[in-house]
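[1] Next input, structure requested:
(one chain, ligands or ions: 3)
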Amino acid sequence: MTKLSRSLLTSAHWGTYEVKVSNGRVTSLNAFSEDKDSSPIGPGIVDVMDGPSRIMAPMVRKSWLENGPGSNTSKRGSDKFVQVSWDEVGDLVANEISRVKHNFGNEAIFAGSYGWASAGRFHHAQSQLKRFLNCVGGYTSSVNTYSFAAAEVVVPHILGSFREHLDRSTSWDSIEKNCELFVAFGGVPLKNGQISQGGTGNHIQRSSLFKARKAGVKFVNVSPLKSDIDDRIDADWIDLRPSTDTALLLSLAHTLIVEELLDTSFLNNYTEGFDKFSKYLLGKDDKIPKSAAWAAKICDLTENKIINLARLMATKKTMISVSWSLTRQDHGEQPFWAAITLAAMLGQIGRPGTGIGFGYSAMNHIGLNRKEMHYPAFPQGVNKIKSFIPVARITDLLENPGAEFNYNGQKYTYPDTKIVWWAGGNPFHHHQDLNRLIKAWKKPDTIISNEWCWNALAQYSDIVLPCTTSLERSDLSLTPKDPYLVVMDKAVEPVGESKDDHDIFKLIAGKLGVEEEFTENKSPEDWQKWMYDISRQSAAKEGVELPSWNNFVRDGWFKIPDLENQTIMMEDFVKDPKKFALSTPSGKIEIFSETISKFRYQDCPGHPFWIEPLEWLGNPRNSSQLHMISNQPKNKLHSQLDHGSVSQADKLNGHEQLLMNPGDAKERKLNEGQLVRISNSRGSCLAAVTISNDVMKKVIQISTGAWMKLENGICINGNPNLLTPDKGTSSLAQGPIAHTCLVEVEAL
Ligand SMILES: Nc1nc2c(c(=O)[nH]1)N[C@H]1C(S)=C(S)[C@@H](COP(=O)(O)OP(=O)(O)OC[C@H]3O[C@@H](n4cnc5c(=O)[nH]c(N)nc54)[C@H](O)[C@@H]3O)O[C@H]1N2
Ligand SMILES: Nc1nc2c(c(=O)[nH]1)N[C@H]1C(S)=C(S)[C@@H](COP(=O)(O)OP(=O)(O)OC[C@H]3O[C@@H](n4cnc5c(=O)[nH]c(N)nc54)[C@H](O)[C@@H]3O)O[C@H]1N2
Ligand SMILES: [Mo]
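    Residues are numbered from 1 along each chain as shown. Ligands and ions are numbered 1, 2, ... in the order given. Next up, the predicted model:
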């Protein structure tokens, strides 16, 4: 390792840290000097890097090793593992790929491999896996994300693009200076702002929120959870029933029409199809006006509260923020469509500090006023295989080879899967209805995972390839979402026999005769320098001079200068709607989409529409059912580091916390800290009760992220995905709907 005159640095999705090492072991991760609000999540890795849950060597499930692919697949998760050498495991994997390729074709290899893996531009697990598989003929992939699949598919029909607008979210400084009323569906959860995909240098969500409040911005928190906005912001709380935001948004729009509070000139100049939508709102065809009185019943709010909010929005400079969680519910396309429409009716889109925002504080980069930079990724090559699934249809894929599915106006077919390969994601964390997944998981012949810790994914695999963590390899953190470029130092040697994902694929590529194609004879450092070089050239075009590679490594980080102007989403379009027409068929905001209407989907018609969710408090099977919100955990990222000290310290009596309203606890005679079973027809898990007025009546909250551990079919660690439903948002996006879920809670 090179001698450095500075501290060792590392970058994670939860921030940048200085690393202390003693006797070849990492002893602490400390706040990066530039980070004014460092996340406590980072140090959680220290004790588990080389702890008992670390995977120390390549492992193969005993039945698979003894009897070959497809053997005793129902023993996945309980079979013994046998340690093998890297050479041996390389042969096993290479032979299995050759067999499946030859007999079934590359379509039979599913490597969507969804997941967050680790920060670091080169050692990005999925990119490494996909590049490798593209060298041997390709794989079945997945499209969109668990984060906001519904928005990724529907918003391009409405605004021409989703990602472009998201990346140009109106900046917090613009909100601070210009906004009067900030209506936050799903709140502004600072717990989530700790994260930024690919790394972050300085956390700004907390200070930005407080600065806006100090400048006089009034906040309204529309959410089942009061704690979705910090108490000190003194927000008004609108505690609507979960999964009913669309009804509330429609009724706000209806109130604007009947009270003549619309900005008709904005609607005329910038939108398409308002007339069709207003017919629906006024109930011209179905005789149901989508009025405040109508929504009050659905959302369990008072009519007055809705009318007052609509009036306030129409008289103030208003920002509407819709959190990404609204897309992860049944018909999750609708809340975003309805919110964009409402913002258009208020006529404040494209103006400073107002309009529409997608999830402030969902991550640290939302509203961070940064210069747009363009950095290269590690090239994945070209996938010759065209078959894919919408990301959350993994169980359907395994269950129903040959079946047809709808997606965004087309019909496709699920291929027959023989190999599943996951590197850098954890389906036993992220997927819904895990009991159904576990059953479908028995069907493929071979399951391979690259992992560093013995979580459920590793335990449910046939072949476990132990990889390094980012502290055991050099890399660079380089993401257009953050102004900091950070050197990720190799702090310690790889633990046990673990290898970098790149080296794992290089080994197998060698066995399959494609090593040169995979590496292009470049070392990891060559690749990193190459990516940095291209970044330097592209930064120069933006007028930013990045330091030389040597100086970058010497200093450890570099910050792209802040933008001087505020960022305002869709500013250009509003200034000149002809020159900067949106990439929609009409060039305008499509309140009605002819394209979607022509798909003829019952579950996603041509304009924002209220459709009853699969399960909700408006129609429970019995009166004791509660709505379960399984939102993002504050003390970790998804399932990562759940076994570490930071996450473990947040458990109550060793169990995951379940937040419950005092009234619901009393009805069930439950006390603080009591162990309970959460259950429904799909599954059950254990948790410990925390009684709190932060959660509305009839709703419980349990974070995602606990490692799945089953005893007699119950997850004793408290993974809520044993209970959540596995169904697509609609035929349009087929996104996940984890937040739509009814359960029962009882003392154990
Ligand atoms: N109920 C419910 N479920 C949800 C959600 C919800 O709100 N509620 N949210 C959903 C959302 S938004 C998301 S994004 C998903 C997240 O789901 P995932 O991204 O799948 O979750 P992670 O726990 O981040 O999984 C990353 C995995 O990569 C591994 N890993 C880390 N570094 C490396 C590396 O260098 N190499 C390799 N090979 N592996 C590595 C980690 O050990 C971990 O197992 O969950 C979804 N699931
Ligand atoms: N600490 C931490 N931060 C994270 C993550 C993490 O795992 N840990 N994950 C990151 C990822 S991958 C993503 S995609 C983002 C996700 O960001 P979000 O989607 O915003 O995350 P959630 O925490 O699921 O939801 C935010 C809030 O929405 C509220 N909510 C749930 N259902 C409803 C509803 O029906 N209506 C309304 N109005 N509100 C509702 C919940 O109370 C919840 O606290 O977070 C990112 N940030
Ligand atoms: Mo996500």
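
[2] can you pull the pLDDT of T2?
    Per-residue confidence (pLDDT) for T2: 53.

[3] what residues are up against the residue nearest to D533 when sequence neighbours are not counted?
    Nearest residue to D533, sequence neighbours excluded (Cβ to Cβ, 6 or more residues apart in numbering): W549, at 7.5 Å. Every C-beta, even on glycine, is put in place using the N, C-alpha and C of the backbone. Contacts for W549 (Cβ atoms under 8 Å, 6 or more residues apart in numbering) come out as K529, Y532, D533.

[4] any idea which of those residues is the one closest to N521?
    Closest approach between the contacts of W549 and N521, by Cβ to Cβ: K529, at 14.0 Å.

[5] Which positions in the one helix or strand that closest one maps to come out as buried?
    Per DSSP states H and E, K529 falls inside helix 524-541. By 16 or more other Cβ atoms under 10 Å, the buried positions in helix 524-541 come out as P524, W527, Q528, W530, M531, Y532, S535, R536, A539.

[6] Residue of the stretch 351-500 of the chain closest to ligand 2, please.
    Among all residues of the stretch 351-500 of the chain, A362 sits closest to ligand 2, at 3.8 Å; criterion: Cβ to the nearest ligand atom.

[7] Using the three-state scheme, assign that residue.
    Three-state assignment for A362 (DSSP: H, G, I helix; E, B strand; the rest coil): coil.

[8] looking at it, it is touching K191, isn't it?
    No: counting by Cβ atoms under 8 Å, A362 sits too far from K191 to count as a contact (10.5 Å).

[9] Pick out whichever of these two has more residues nearby.
    Taking other Cβ atoms under 10 Å, A362 and K191 do not tie; A362 has more neighbours (28 against 18).

[10] now that one: how far from T271?
    Distance of A362 to T271, given as Cβ to Cβ, to the nearest Å: 26 Å.

[11] Look up phi and psi at the residue nearest to the spatial centre of the chain.
    Per Cα atoms, centre = their mean, the C-alpha nearest to the average position across the chain is that of S147, at 3.1 Å. Phi and psi for S147, reported as degrees, to the nearest 10, are phi -60, psi -50.

[12] try the one 10 residues further on
    Dihedral angles phi and psi of H157 (degrees, to the nearest 10) take the values phi -70, psi -30.

[13] measure the residue lying closest to it once chain neighbours are set aside to V322 for me?
    Take H157 and drop its neighbours on the chain: the residue closest to it by Cβ to Cβ, 6+ apart is S593, 4.7 Å away. Counting by Cβ to Cβ, the gap from S593 to V322 is 18 Å.

[14] more crowded one of those two?
    Higher neighbour count among S593 and V322: V322, with 29 against 23, using other Cβ under 10 Å.

[15] Bridge partners for the more buried one, pull those for me.
    V322 has these beta-bridge partners by DSSP bridges: F185, F358.

[16] Quick one: name the residues of the chain near ligand 1.
    By Cβ under 6 Å from any ligand atom, the residues of the chain that approach ligand 1 are 115-118, 123, 125, 146-147, 328, 423-426, 429-430, 450-453, 455, 457, 467, 501, 630-632, 637-640, 704, 720-721, 724, 738.

[17] circling back to that earlier point, in terms of contact, does the residue nearest to the centre of the chain touch W324 like I think?
    Yes: the criterion here is Cβ under 8 Å, and S147 meets it with W324 at 5.5 Å.

[18] where does the chain have low pLDDT?
    The model of the chain has pLDDT under 70 over residues 1-3.

[19] How is it divided into domains?
    If you go by automatic domain parsing, the domain ranges for the chain are 59-145+379-477+486-530, 169-371, 620-747.

[20] any chance of these in JSON lines, with distance to F609 too?
    Formatted as JSON lines, the domains of the chain follow (distance: least, Cβ to Cβ, whole Å):
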{"stretch": "domain 59-145+379-477+486-530", "distance to F609": "17"}
{"stretch": "domain 169-371", "distance to F609": "6"}
{"stretch": "domain 620-747", "distance to F609": "10"}
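
[21] circling back: could I get the buried residues of helix 524-541 in JSON lines, plus columns for distance to ligand 2?
    What follows is the buried residues of helix 524-541, written out as JSON lines (distance: Cβ to the nearest ligand atom, whole Å):
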{"residue": "P524", "distance to ligand 2": "27"}
{"residue": "W527", "distance to ligand 2": "26"}
{"residue": "Q528", "distance to ligand 2": "25"}
{"residue": "W530", "distance to ligand 2": "29"}
{"residue": "M531", "distance to ligand 2": "24"}
{"residue": "Y532", "distance to ligand 2": "27"}
{"residue": "S535", "distance to ligand 2": "25"}
{"residue": "R536", "distance to ligand 2": "30"}
{"residue": "A539", "distance to ligand 2": "27"}
